[in-house]
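**Student:** no sequence on hand, only this structure:
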């Protein structure tokens, strides 16, 4: 055997050893996930099996420490599949997606994000997705990101739900996606959103009398929150206008800044309805190879 063939054989042996080490670590990680499941089952509160803010923190840490030419986008895809498998080991997990004849990319995005083995059900209406999440038949619902041009937006239905309302807690794609290039989706679940360190919040404002978007944007900024996007659904029969605001940063349901906007004396809204928050996804720069060893 030539020296070249010996060297190639030695490199392949090293690769086999690395593959075995990766496999060993995956099995250890799965065993820990099973321990987490057992700990939750025996503890005072089971808690959610899916923690999107925690997943975002894990992925950001890995991307930040990443070195060498292995693509960051592929790293994120690999870990998304791993984390989805670990979530399924901790308890029942199913996804409901909005998918009609005109929109199949929510389904494809959900499959990319939550993994090939995650149970996924399709619904032809957004309301059916919200109901499936609210009644517990689905853990997560996936719906299109609201746009200003929609004739029948789904977010007013979420704002008007009675009882325990599902909340927005994720945005897809979090990393690269082969589905619906340029499109995005939101995830809703029966969990309280958590602060991941880099977040966007969603709030619905009921206003009367009707106010302009410029005035509402100014009031939000004056309360100490940066408004990123404002969508209106138009006045209802009782002259109530409903606006959806996407805000920079994390704002919980009891945020004093939001309460100020609905103050009976000097607020601009009749009521403020917290719809959730999500970890800001990676952008192209975050996942690009920088050519400097990082």
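**Tutor:** All right, it came through fine. Computed from a prediction, not measured in an experiment: that's the story for all the values here. Numbering: from 1, shown residues only.
**Student:** did I read that right, residue 205 in a strand?
**Tutor:** Yes - the assignment for residue 205 is a strand, going by DSSP: H, G, I helix; E, B strand; the rest coil.
**Student:** return the residues in contact with it.
**Tutor:** By C-beta atoms under 8 Å, 6 or more residues apart in numbering, the residues touching residue 205 are 216, 242-243, 245, 261-262, 268-269, 271-273. For every residue, glycine as well, the C-beta is placed using N, CA and C.
**Student:** same list, the residues you listed, but as a markdown table with pLDDT, secondary structure and neighbour count please.
**Tutor:** Compiled in a markdown table, these are given as follows (pLDDT from 0 to 100; DSSP: H, G, I helix; E, B strand; the rest coil; neighbours: other C-beta atoms under 10 Å):
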| residue | pLDDT | secondary structure | neighbour count |
| --- | --- | --- | --- |
| 216 | 92 | helix | 21 |
| 242 | 90 | strand | 22 |
| 243 | 93 | strand | 20 |
| 245 | 96 | strand | 25 |
| 261 | 93 | helix | 23 |
| 262 | 90 | coil | 16 |
| 268 | 89 | coil | 19 |
| 269 | 90 | coil | 24 |
| 271 | 91 | strand | 14 |
| 272 | 94 | strand | 21 |
| 273 | 94 | strand | 22 |
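**Student:** which one of these is nearest to residue 73?
**Tutor:** The closest of the contacts of residue 205 to residue 73 turns out to be residue 245 (C-beta to C-beta; 30.7 Å).
**Student:** so which residue is dead centre in the protein?
**Tutor:** In the chain, the centroid-proximal residue (C-alpha atoms, centre = their mean) is residue 170; its distance is 1.3 Å.
**Student:** what sits closest to that residue if chain neighbours are left out?
**Tutor:** residue 187 (3.5 Å; C-beta to C-beta, 6 or more residues apart in numbering).
**Student:** rewinding a little: helix, strand, or coil at the residue nearest to the centre of the chain?
**Tutor:** Assignment for residue 170 (three-state DSSP): strand.
**Student:** quick check: the gap between the spatially closest residue to residue 48 that is not a sequence neighbour and residue 278.
**Tutor:** Excluding the flanking residues, the one nearest residue 48 by C-beta to C-beta, 6+ apart is residue 191, at 4.4 Å. Distance, residue 191 to residue 278, by C-beta to C-beta, to the nearest Å: 12 Å.
**Student:** and for those two, which residues touch both?
**Tutor:** The contact sets of residue 191 and residue 278 overlap at residue 169 (C-beta under 8 Å, 6+ apart).
**Student:** of those two, give the one with the bigger neighbour count.
**Tutor:** Shown here are residue 191 and residue 278; by other C-beta atoms under 10 Å, residue 278 has more neighbours (25 against 20).
**Student:** ok so residue 122 is a strand residue?
**Tutor:** Yes - assessed by three-state DSSP, residue 122 belongs to a strand.
**Student:** dump the residue contacts of the nearest residue to it once chain neighbours are set aside.
**Tutor:** Of all residues not flanking residue 122 in the chain, residue 99 sits nearest, at 4.1 Å (C-beta to C-beta, 6+ apart). If a contact means C-beta under 8 Å, 6+ apart, then residue 99 has 106-107, 122-124 as its contacts.
**Student:** thank you kindly, that will do.
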